[in-house]
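> structure of the sequence below:
(one chain, ligands or ions: 1)
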Amino acid sequence: MSETPKSEVRALFASIAKKYDLMNDLITFGLHRIWKKRLISLLNKFSAQNLNILDVASGTGDIALSLINDLPERKVTATDFCEEMLDVLREKSQKRSIHLTIQTADAMTLDFADNRFDSATIGYGIRNVPDPMICLKEMARVVAPGGVVAILETGKPTGLFNILWKLHTKLFIPFLGWLLASNIEAYTYLPSTAASFPSGDNFLRIMDSSSAFSSIKAYPQLFGVSYIYIGIVK
Ligand SMILES: C[S@@+](CC[C@H](N)C(=O)[O-])C[C@H]1O[C@@H](n2cnc3c(N)ncnc32)[C@H](O)[C@@H]1O
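Numbers count the residues shown, from 1 in each chain. Okay, here's the model as predicted:
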């Protein structure tokens with residue numbers, strides 16, 4: 001959960017929007033693409049009906065676009081509160097001739113009717129909102145019962161891998177941010193929120209306390225560097 005005011009979080013993403021995709025590839029050595037594909041595989045596995053999907057905190061839209069690549073007849077609505085991030089998605093979707101609905105929306109107050117979507121996704125977004133429980137409840141509210149809320153978020157690896165991960169997040173990412181995005185603040189903020197955000201069982205407890213899901217499960221990726229969480233909506 002982010003204690004940084006929403007306006008500052010929005011301004012931070014606006015300042016890195018144009019470099020966001022490149023930085024993501026470099027920071028994760030391209031692994032975020034594999035994890036996003038896994039998120040979609042798990043969504044397909046657990047949802048009975050998945051033709052009408054909401055992607056929350058879409059940013060530059062990797063997940064939203066991949067959802068359509070995965071199933072071209074799918075209707076995808078991509079939302080974010082940062083116009084500059086959505087502008088990059090608009091450019092990408094036009095270039096690739098992919099049609100989707102792009103809408104400005106705050107993840108804490110989704111402006112959609114109850115049960116409007118078959119399922120919903122959020123990738124690396126929930127740790128940036130002021131209250132993840134409210135965001136989870138909102139996502140579950142707009143998804144029909146039996147649908148899936150699928151979350152991809154950073155985690156904290158344990159054991160030996162934790163030392164490498166700390167070096168990576170505390171030194172490598174801010175260095176890259178300074179070198180390539182001229183923005184050491186943004187790339188210090190992003191890993192610091194990853195370090196403080198609950199992951200694994202701790203995040204499952206938040207999902208459980210939301211009382212929005214009939215079942216929940218966590219899938220660690222690369223020793224817990226990232227996690228995929230699946231909640232089946234009650
Ligand atoms: C790290 S980016 C993730 C983008 C994309 N989902 C991905 O996986 O690459 C986080 C995104 O969350 C958005 N975001 C943060 N807080 C938000 C909020 N309260 N409502 C809507 N979007 C929010 C930011 O604008 C940013 O685009």
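> when you work out contacts or count neighbours from here on, use the C-alpha atoms and nothing else.
Noted.
> G159: what's it in contact with?
Contacts for G159 (CA atoms under 8 Å, 6 or more residues apart in numbering) come out as none.
> ok, now how distant is it from G224?
Distance, G159 to G224, by CA to CA, to the nearest Å: 10 Å.
> one more: A140?
Remark: distance between A140 and G224 (CA to CA) = 25 Å.
> higher neighbour count, the two?
A140 (27 against 19; other CA atoms under 10 Å).
> can you pull the residues of the protein lying near the ligand?
10, 13, 57-62, 80-82, 85, 105-108, 122-125, 128-129 (CA under 6 Å from any ligand atom).
> ok now the longest helix seen in the chain, how far from the chain's centre?
Determined from DSSP state H, the single longest helix within the chain is helix 31-46. Average the C-alpha atoms of helix 31-46, do the same for its chain, and the two points are 12 Å apart (CA atoms, centre = their mean, to the nearest Å).
> show me what it is packed against.
For helix 31-46, the packing partners by 3 or more CA pairs under 8 Å, 6 or more residues apart in numbering; DSSP states H and E come out as helix 20-28, helix 62-70, strand 143-154, strand 226-233.
> contacts for it?
Counting by CA under 8 Å, 6+ apart, 24-25, 50, 62-63, 66-67, 119, 123, 147-148, 150-152, 221, 226, 228, 230, 232 sit against helix 31-46.
> repeat that with 10 Å
Around helix 31-46, the neighbours that count as contacts under CA atoms under 10 Å, 6 or more residues apart in numbering are 24-26, 49-51, 62-64, 66-67, 70, 119-124, 146-153, 219-222, 226-232.
> span of stretch 127-136 from start to end?
End-to-end distance of stretch 127-136 (CA to CA): 11 Å.
> quick one: mean pLDDT for it?
Per-residue pLDDT over stretch 127-136 has a mean of 96.
> and it, how far out from the chain's middle?
That offset, for stretch 127-136, works out to 11 Å (CA atoms, centre = their mean).
> now the residue at minimal distance from the centre of the chain. Nearest residue, chain neighbours left out?
Centroid check for the chain by CA atoms, centre = their mean gives G123 as the closest residue, at 1.3 Å. In space, and not counting its chain neighbours, G123 is closest to L152: 4.6 Å by CA to CA, 6 or more residues apart in numbering.
> doesn't Y227 make contact with that neighbour?
Yes. Under the criterion of CA atoms under 10 Å, L152 makes contact with Y227 at 5.8 Å.
> find residues that contact each of the two.
Common neighbours of L152 and Y227, counting by CA under 10 Å, 6+ apart, are W35, L39, Y124, A218, Y219, P220, Q221.
> now for the fourth one: which residues touch it?
Contacts of A218 were listed using CA under 10 Å, 6+ apart, and they are I151, L152, S199, G200, D201, F203, L204, Y227, I228, Y229, I230, G231.
> tell me, how many residues neighbour the fifth one?
Neighbourhood size, D201 [other CA under 10 Å]: 11.
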